[in-house]
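Colleague: Okay, predicted coordinates and the sequence, questions at the end:
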Amino acid sequence: MIDLSFKYKNLLKFLEKNLQFQPELTLVLGSGLGDLADSINQVKSISTNEIPDYPASTVSGHKGKIIFGNYKEKNLLLFQGRIHFYEGYSLSECILPIFISTEFGSKKIILTNAAGGVNPEYHPGDLMLVSSFNGINIQRELTDLIGLAGIEKKNYFLNFPSYELNTIIKKAVKEDKISIREGIYWYTKGPSYETPAEIKMIAKFGGDAIGMSTVNEAIFAASKGMEVSAISCITNYAAGISDKKLDHKEVIETANLVKTKFESLIKGTIKLL
């Protein structure tokens with residue numbers, strides 16, 4: 001792994017000058033889920049195009065903002081949109097939100113995304129708490145992101161995703177009477193959607209939902225000692241599950257329909273931290 005502190009020294013100087021703030025929780029808001037940031041008390045909002053060396057967000061539904069705010073007296077760091085490998089960025093750029101989070105002292109992170117439903121019992125509009133990650137490329141992500149890690153760093157992955165943070169999310173689900181699935185998120189690099197044959201293979205290997213993000217962020221966050229949880233919004237059926245043609249517009253539309261339930265879950269979780 002390259003020296004991120006050196007690579008992003010100008011970026012860090014800019015943020016440190018503009019933000020004196022230690023977050024208790026980081027939230028990375030995926031496709032169509034960014035409106036949550038507008039429902040909390042925003043202390044400072046910065047467009048990422050103002051930040052030196054911060055990659056431009058090119059995907060619809062990703063506004064490209066970093067927000068420092070609070071809710072229920074908890075300090076929060078929110079990324080309204082993310083950086084994807086399929087946009088042509090390197091892994092060292094894709095994990096930038098996590099690097100910033102750790103530099104500002106955040107210890108917990110909830111990653112969110114829009115995902116395709118592989119499990120035939122899942123439907124667009126469902127939320128899924130990630131119980132595990134899988135994917136053909138995960139081994140490469142591990143190697144590139146944490147390299148030849150020592151025992152201490154490897155031990156972080158004994159609790160990945162975080163049992164404690166997932167338990168808090170499940171408690172929020174019960175208290176707010178929200179329906180939620182729990183399953184395995186399967187990662188692909190993109191940028192093209194998977195074929196029906198690939199989806200059949202992924203289903204046989206136990207994948208419940210599929211997407212093109214989150215895993216590299218989760219791996220890097222865990223390697224830095226953060227408590228990691230992830231929530232997927234099932235926005236469409238994966239290829240071959242239905243006759244409908246896959247479209248990113250459908251992803252955004254479904255995420256908008258479920259955003260009230262999503263916001264309720266995240267706010268309930270923050271309240272219990």
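Modeller: Perfect, I can see it now. Residues are numbered from 1 along each chain as shown.
Colleague: for stretch 18-37, what is the average pLDDT?
Modeller: Across stretch 18-37, pLDDT averages out at 86.
Colleague: can you pull up the bridge partners for Leu127?
Modeller: Cys233 (DSSP bridges).
Colleague: My read is that it contacts Ser232, right?
Modeller: Yes: applying C-beta atoms under 8 Å as the test, Leu127 and Ser232 come out as touching, 7.2 Å apart. C-beta here means a position set from N, CA and C on the backbone, and glycine is covered the same way.
Colleague: who has more neighbours, these two?
Modeller: When neighbours are counted by other C-beta atoms under 10 Å, Leu127 and Ser232 differ, and Ser232 comes out ahead with 28 against 21.
Colleague: ok, now which ones touch that one?
Modeller: 112-115, 127-128, 130, 185, 209, 211, 214 (C-beta atoms under 8 Å, 6 or more residues apart in numbering).
Colleague: What's the separation between it and Ser213?
Modeller: 10 Å (C-beta to C-beta, to the nearest Å).
Colleague: Overlap in contacts, those two.
Modeller: Joint contacts of Ser232 and Ser213 (C-beta under 8 Å, 6+ apart) are Asn113.
Colleague: Going by residue numbers, what spans are strands in the stretch 1-150 of the chain?
Modeller: For the stretch 1-150 of the chain, applying DSSP state E, counting those that start in this stretch gives strands covering 25-29, 41-47, 65-71, 74-80, 108-117, 127-134.
Colleague: so where's the protein shaky on pLDDT?
Modeller: Counting by pLDDT under 70, the chain shows low-confidence ranges at 1, 32, 59-62, 137-150, 153, 240, 242-251, 255.
Colleague: can you map out the helices along this structure?
Modeller: Assigned by DSSP state H, the helices in the chain fall at 4-7, 9-18, 91-94, 96-103, 138-146, 151-155, 163-175, 196-204, 215-223, 248-272.
Colleague: The fourth one: how far from the chain's middle?
Modeller: Right, helix 96-103. Mean-position distance between helix 96-103 and its chain equals 13 Å (C-alpha atoms, centre = their mean, to the nearest Å).
Colleague: Remind me what that helix packs against, helices and strands.
Modeller: Helices and strands touching helix 96-103, by 3 or more C-beta pairs under 8 Å, 6 or more residues apart in numbering; DSSP states H and E, are helix 9-18, strand 25-29, strand 74-80, helix 215-223.
Colleague: Partner strands of the second one and their direction?
Modeller: As defined by DSSP bridges, the strand partners of strand 25-29 come to strand 74-80 (parallel), strand 108-117 (parallel).
Colleague: tilt between that strand and helix 248-272?
Modeller: 170 degrees (axes from the mean of the first three to the mean of the last three C-alpha atoms, to 10 degrees).
Colleague: next one: the longest one
Modeller: Following the same axes, to 10 degrees, one obtains 50 degrees for the angle between helix 9-18 and helix 248-272.
Colleague: hmm, back to that, quick check, nearest of the contacts of Ser232 to Tyr163?
Modeller: Val130 (12.5 Å; C-beta to C-beta).
Colleague: From Gly207, how far out is that closest one?
Modeller: Val130 is 11 Å from Gly207, by C-beta to C-beta.
Colleague: Over to Trp186?
Modeller: Applying C-beta to C-beta, the value for Trp186 to Gly207 is 3 Å.
Colleague: Phe68 too?
Modeller: On the measure of C-beta to C-beta, Phe68 and Gly207 end up 35 Å apart.
Colleague: These two - which one has more neighbours?
Modeller: Gly207 (25 against 21).
Colleague: quick one: contacts for that one?
Modeller: 118-119, 134, 184-186.
Colleague: Please identify which pair of those residues lies farthest apart.
Modeller: Asn119 and Asn134, at 13.2 Å, using C-beta to C-beta across the contacts of Gly207.
Colleague: the more surrounded of the two?
Modeller: Asn119 (19 against 16).
Colleague: hang on, isn't the more buried one packed against Gly183?
Modeller: Yes: using C-beta under 8 Å as the test, Asn119 is close enough to Gly183 to be in contact (6.2 Å).
Colleague: Need the residues touching each of the two.
Modeller: Counting by C-beta under 8 Å, 6+ apart, the residues touching both Asn119 and Gly183 are 208-209.
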